[in-house]
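model this:
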Amino acid sequence: MKVVIMGCGRVGARLATLLAEDGHNVTILDNDDYSFRRLPPEFKGTALLGNGIDQGALKSAGIKEADVFVALTQGDNRNVMATQIAKYIFGVPRVVCRIYDPLRQEMYSTLGIEAISPTKIFAQILKEKLES
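Coordinates of the predicted model:
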């Protein structure tokens, strides 16, 4: 599977590492080259400096051949914009974005964007821990 990940923060770096270890073709894109320090030295994928909402950077990352695009930056707006570009301009079959705001996540999901809210997930986990 060819995967393009936007955002080499803790989650992006970990996801890229796990997928690459499983033999997937992974390209991780970030606009700050210092972020790539989170990748292990044995990382088998490609780390590419660039802005994930820039079509040229996405083309350099191999977006045209991607099976999956994942947006994991700190910005909800950037993530949803990037996933829309990947889905509607480049026709990536599966796009997933992280959305911190649970209300936005629900709205984007109703619009057909696969959005995950870690805020919502973690709050549910905490609730279950507290109630058990």
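
what is the helix or strand where V80 lies packed up against?
In this assignment (DSSP states H and E), V80 forms part of helix 76-84. Judged by 3 or more Cβ pairs under 8 Å, 6 or more residues apart in numbering; DSSP states H and E, helix 76-84 is in contact with strand 68-71, strand 94-98, helix 102-110, strand 114-116. Where you see a C-beta, it was placed from the backbone N, CA and C, and this is true even at glycine.

return the longest helix seen in the chain as PDB; C-alpha atoms alone will do.
When the chain is parsed with DSSP state H, its longest helix is helix 118-131. This file holds the C-alpha atoms of helix 118-131, laid out as PDB (Å, rounded to 0.1, in the frame of the first residue of the first chain):
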ATOM      1  CA  PRO A 118      -8.700  12.100  19.400                       C
ATOM      2  CA  THR A 119     -10.400  14.500  21.800                       C
ATOM      3  CA  LYS A 120     -13.600  12.600  21.600                       C
ATOM      4  CA  ILE A 121     -11.900   9.200  21.700                       C
ATOM      5  CA  PHE A 122      -9.700  10.100  24.700                       C
ATOM      6  CA  ALA A 123     -12.600  11.600  26.600                       C
ATOM      7  CA  GLN A 124     -14.600   8.400  26.100                       C
ATOM      8  CA  ILE A 125     -11.700   6.300  27.400                       C
ATOM      9  CA  LEU A 126     -11.300   8.500  30.500                       C
ATOM     10  CA  LYS A 127     -15.100   8.300  31.200                       C
ATOM     11  CA  GLU A 128     -15.000   4.500  31.000                       C
ATOM     12  CA  LYS A 129     -12.000   4.400  33.300                       C
ATOM     13  CA  LEU A 130     -13.600   6.700  35.800                       C
ATOM     14  CA  GLU A 131     -16.900   4.700  35.800                       C
END
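
just the residues contacting it, thanks.
98, 100-102, 105 (Cβ atoms under 8 Å, 6 or more residues apart in numbering).

repeat that for stretch 82-92.
By Cβ under 8 Å, 6+ apart, the residues outside stretch 82-92 that reach it are 4, 6, 52-53, 55, 58, 63-64, 66-69, 71, 73, 95-97, 113-115.
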